[in-house]
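Novice: Here you go, sequence then predicted model.
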Amino acid sequence: MIKLQIIGNLGKDCIVNEVNGRHVINFSVAHTERFKDANGNPKDRTYWVECAYWTEKLNVAKYLLKGRSVYAEGTPEADAYNNREGKPAATLRMRVREIQLLGGNQPGDTGSNAAQASTPSYQSGSSAAHSNIEEAETINDDLPF
């Protein structure tokens with residue numbers, strides 16, 4: 001299994017769609033990396049990940065607002081295409097398996113109590129955690145120590 005993890009801010013409010021009777025929450029997460037170039041000048045590079053969270057737990061959608069900090073993990077996908085100028089480009093996508101809301105950056109936050117009260121973690125499907133435990137036990141059985 002390949003797993004992608006990202007901590008970043010939502011670039012816009014999420015969108016909830018229904019596809020073939022199932023719900024999907026779509027959102028974009030941006031992570032900005034700060035570094036110095038070869039000349040010592042500070043630079044920023046922003047990475048965007050388009051996320052799709054298939055779930056029946058739609059209550060998380062009301063918290064997925066522009067600017068909100070989140071942690072998400074899931075399976076990565078990459079799409080190559082030609083942009084409007086006809087140049088090759090790529091998009092990084094993730095099928096989210098787990099999302100955790102991080103404190104702060106929320107409209108109406110008035111202090112640490114508000115931030116702590118609004119940091120629930122969500123997993124897609126109730127069997128996700130169980131299957132991860134079974135997978136870990138299987139892997140551990142093959143270890144020589």
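Specialist: That came through, no problem. All figures in this text were calculated on a predicted structure; none of them were measured in a lab. Numbering: from 1, shown residues only.

Novice: So what pairs up with Glu33 in the strands?
Specialist: Arg45 (DSSP bridges).

Novice: Spit out the contact partners of it.
Specialist: Contact analysis of Glu33 by Cβ atoms under 8 Å, 6 or more residues apart in numbering lists Asp44, Arg45, Thr46, Tyr47. In short, each C-beta sits where N, CA and C put it, glycine included.

Novice: Test my guess that the last one contacts Met94.
Specialist: It stands for Tyr47. No. The pair Tyr47 and Met94 does not pass the contact test of Cβ atoms under 8 Å, sitting 11.6 Å apart.

Novice: Have a look at the two and say which one is more surrounded.
Specialist: For Tyr47 versus Met94, neighbours defined as other Cβ atoms under 10 Å are more numerous around Met94 (21 against 12).

Novice: show me the contacts for the more buried one.
Specialist: Per Cβ under 8 Å, 6+ apart, neighbours of Met94: Leu4, Ile6, Val49, Glu50, Cys51, Ala52, Ala72, Gly74, Thr75, Pro76, Glu77.

Novice: So it versus Ile25, what's the distance?
Specialist: Computed as Cβ to Cβ, to the nearest Å, the Met94 to Ile25 distance reads 12 Å.

Novice: Number of residues surrounding Arg45?
Specialist: 9.

Novice: what's the spacing between it and Asn82?
Specialist: From Arg45 to Asn82 the distance is 22 Å (Cβ to Cβ).

Novice: Kindly report the same for Gly67.
Specialist: 31 Å.

Novice: Counting neighbours around each, name which of these two comes out higher.
Specialist: Remark: of Gly67 and Asn82, Gly67 carries more neighbours, 13 against 9, as counted by other Cβ under 10 Å.
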